[in-house]
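Trainee: my questions are about this predicted structure, shown below with the sequence.
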Amino acid sequence: MADVRQIAECVGEPEGTVAQWDSLGLLAEPAVERARLIGFAARRGVSAAEIAELLDRGQDVIGSFVEFVQAECGSRPFGALAELSELDPGLVRRLWIAAGLSDQRDVYDEDVELFGGLAAALRLGLPEDALLQLVRVFGDAMGRVAEAQIRLFHLQVHSRMRAEGLSGVRLLETARAVSDPLTELGDAALAYFHRKAMQRALREDMIMHLTEDLAAEETEVGQVSVAVLFADLAGFTPMTEAMGDRVAAAVVERFSDVVREATGEAGGRIIKQIGDEFMLAFGTAAAAVSCGLGLAERLAEEPNFPALRMGAHVGSALYREGDYLGTTVNIAARVAGHATRGQFLVTEAMRDQLPGDGQDVKFEPVGGRRLKGIQGEVPLFDLRAGTARPGRAVDPVCRMEVDPTRAAAELSWREDRVYFCSDDCLRQFVATPGRFV
């Protein structure tokens, strides 16, 4: 076993601090790996004394994670990375931060290898800005994947084992027996999903080549033509308050399934999701409309569900890091903000790229609207399918749309018939009707 001084030098901690960990019996082999994790825990608010307390109970939590930390003792200072990769120090710093490595103080062989590859990409002609964007996308995406793998296992598997009475060594061993095979499956899944995504991206790139060559028009570097659609659920906040987080999460999960199905069928892409709101991108206005109408049709079949709101615009946008920026996106978001329950609002630019009123779609003018940050009034249209929307009632408590023929409960109130999605909403209404009417 390395002595305290060697361990302290290796992990970059004060020798006195490491000596204290050793006195608490925390530095069993492999000592360097344990010291790294103890230092990380201390920086996140878990003291060495608390770790020792768990160890005294037979819960060696640190020991179950040692094999996953960077174990090399021959690390290099960060400043050496620029020289080893032959990159400008300022660019190395930006790439390091873009990769999500700002919490890593030292440089290891795998870091040197990666940055050597990044330097090679620049020599091959990849612009510096494009390289930074790619590194950010990889760092962000892989960080989210890894966190989901670990956090979901902890919350959905480990926590259930604990609730069933497992604890201490038995809990850790049982969880490990499940997590190890799942980790192997996760590695294979990463390769599978990346391969599938590359195939889709290459097909879309082929379309871009075809349309650019046919148009034979010069476009600004980084600019693309895109139809942007925002969709969310009306009344989602009061629904969450009335029915609780778990019900709200189940609603978002169902909404997510519907959005992903409709977006995929229309040839679009989910750019981002924040709560119940989705930002979607399409190559044409027609594809965005097809998706929006598909969403409305699918959700109309749900017996109890919040009303859908959508807004869309088409134009030129700047593509960066898998996202779109610029006025086109801003207008689409503002249009969606003006949509009320059940509305699919589109701009004049969207309407002009579509065939016009017919059996399948109709444009109902709703007048000009002032959009934040946009000069003048913007004419908007409510896009509707040719077929009439089914009649729906609105649950006054959770604000869900309810099929009156399938409502869980109903009552007469001041000469009106009121419908509810659940008995719980009925009880809340009867207890304090003034809150909801």
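Mentor: Received it, and whenever you're ready, just let me know what you need.
Trainee: how many neighbours does the residue lying closest to E321 once chain neighbours are set aside have?
Mentor: Excluding the flanking residues, the one nearest E321 by Cβ to Cβ, 6 or more residues apart in numbering is Q133, at 4.7 Å. The way it works is simple: take the backbone N, C-alpha and C, and place the C-beta from them, glycine included. Using other Cβ atoms under 10 Å, Q133 has 18 neighbouring residues.
Trainee: ok but V346 is inside a strand, no?
Mentor: Yes: remark: V346 belongs to a strand, assigned using DSSP: H, G, I helix; E, B strand; the rest coil.
Trainee: measure it to G376 for me?
Mentor: Distance, V346 to G376, by Cβ to Cβ, to the nearest Å: 18 Å.
Trainee: ok, these two, which is more surrounded?
Mentor: With neighbours defined as other Cβ under 10 Å, V346 and G376 compare such that V346 has more, 29 against 7.
Trainee: who's the more buried one bridged to?
Mentor: Under DSSP bridges, the beta-bridge partners of V346 are A312, F381.
Trainee: need the pLDDT of it.
Mentor: Confidence at V346, expressed as pLDDT, is 97.
Trainee: from here on, count from 9
Mentor: Sure, I'll start numbering at 9, so the last one becomes V354.
Trainee: mind listing what it touches?
Mentor: 293, 297, 319-321, 343, 371, 388-389, 391 (Cβ atoms under 8 Å, 6 or more residues apart in numbering).
Trainee: repeat for A106
Mentor: 140, 143-144, 147.
Trainee: show me what whichever helix or strand Q207 is part of is packed against.
Mentor: Taking DSSP states H and E as the criterion, the element that holds Q207 is helix 176-223. With contacts taken as 3 or more Cβ pairs under 8 Å, 6 or more residues apart in numbering; DSSP states H and E, helix 176-223 sits against helix 136-161, helix 167-171.
Trainee: hey, which of those is tucked in deepest?
Mentor: The highest average neighbour count among those, using mean count of other Cβ atoms under 10 Å, belongs to helix 136-161 at a mean of 14.
Trainee: contacts only, for the nearest residue in space to G194 that is not next to it in sequence.
Mentor: Nearest residue to G194 in three dimensions, chain neighbours excluded: Q157, at 5.4 Å (Cβ to Cβ, 6+ apart). Counting by Cβ under 8 Å, 6+ apart, Q157 makes contact with 190-191, 194.
Trainee: model confidence score at Q157, please.
Mentor: Q157 carries a pLDDT value of 91.
Trainee: what's opposite F313 in the beta bridge?
Mentor: For F313, the beta-bridge partners under DSSP bridges are E409.
Trainee: residue contacts, it?
Mentor: 259, 262, 307, 408-409.
Trainee: burial count for V343?
Mentor: Close neighbours of V343, defined as other Cβ under 10 Å, add up to 28.
Trainee: same check on L103?
Mentor: Per other Cβ under 10 Å, the neighbour tally for L103 reads 24.
Trainee: quick one: secondary structure of it?
Mentor: Following three-state DSSP, L103 is assigned to helix.
Trainee: same check, this time on G275
Mentor: Judged by three-state DSSP, the three-state class of G275 is coil.
Trainee: and the one 3 residues further on, by the same measure?
Mentor: For I278, the assignment made with three-state DSSP gives strand.
Trainee: and it, what is it in contact with?
Mentor: Neighbouring residues of I278 by Cβ under 8 Å, 6+ apart: 267-268, 271, 286-288.
Trainee: and the residues you listed, which are buried?
Mentor: The neighbour-count test (16 or more other Cβ atoms under 10 Å) marks 267, 271, 286-288 as buried among the contacts of I278.
Trainee: let's have these in JSON lines, adding secondary structure and pLDDT.
Mentor: Below are the buried ones among the contacts of I278 laid out as JSON lines (DSSP: H, G, I helix; E, B strand; the rest coil; pLDDT from 0 to 100):
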{"residue": "V267", "secondary structure": "helix", "pLDDT": "97"}
{"residue": "T271", "secondary structure": "helix", "pLDDT": "96"}
{"residue": "F286", "secondary structure": "strand", "pLDDT": "97"}
{"residue": "M287", "secondary structure": "strand", "pLDDT": "98"}
{"residue": "L288", "secondary structure": "strand", "pLDDT": "98"}
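Trainee: the stretch 309-445 of the chain: strands as residue ranges?
Mentor: Under the criterion DSSP state E, counting those that start in this stretch, strands of the stretch 309-445 of the chain are mapped to 312-314, 316-328, 331-333, 352-355, 369-378, 385-393, 401-402, 408-410, 417-421, 424-428.
Trainee: grab the nearest non-local neighbour of L379.
Mentor: Closest to L379 by Cβ to Cβ, 6+ apart is R342, at 3.9 Å.
Trainee: give me the number of residues near the one you found?
Mentor: For R342, the number of neighbouring residues by other Cβ under 10 Å comes to 21.
Trainee: cool, and V410?
Mentor: Other residues close to V410 by other Cβ under 10 Å number 24.
Trainee: farthest-separated two in the contacts of F313?
Mentor: For the contacts of F313, the maximum inter-member distance is 13.5 Å, found between R262 and E409 (Cβ to Cβ).
Trainee: more crowded one of those two?
Mentor: The neighbour count for R262 versus E409, taken as other Cβ under 10 Å, is higher for E409 (25 against 13).
Trainee: is it true that the more buried one touches A415?
Mentor: No: using Cβ atoms under 8 Å, E409 is not in contact with A415, being 10.7 Å away.
Trainee: and the gap between the nearest residue to E212 once chain neighbours are set aside and L142?
Mentor: Residue nearest to E212 in three dimensions, not counting chain neighbours: G291, with 7.3 Å by Cβ to Cβ, 6+ apart. The gap separating G291 from L142 is 22 Å, by Cβ to Cβ.
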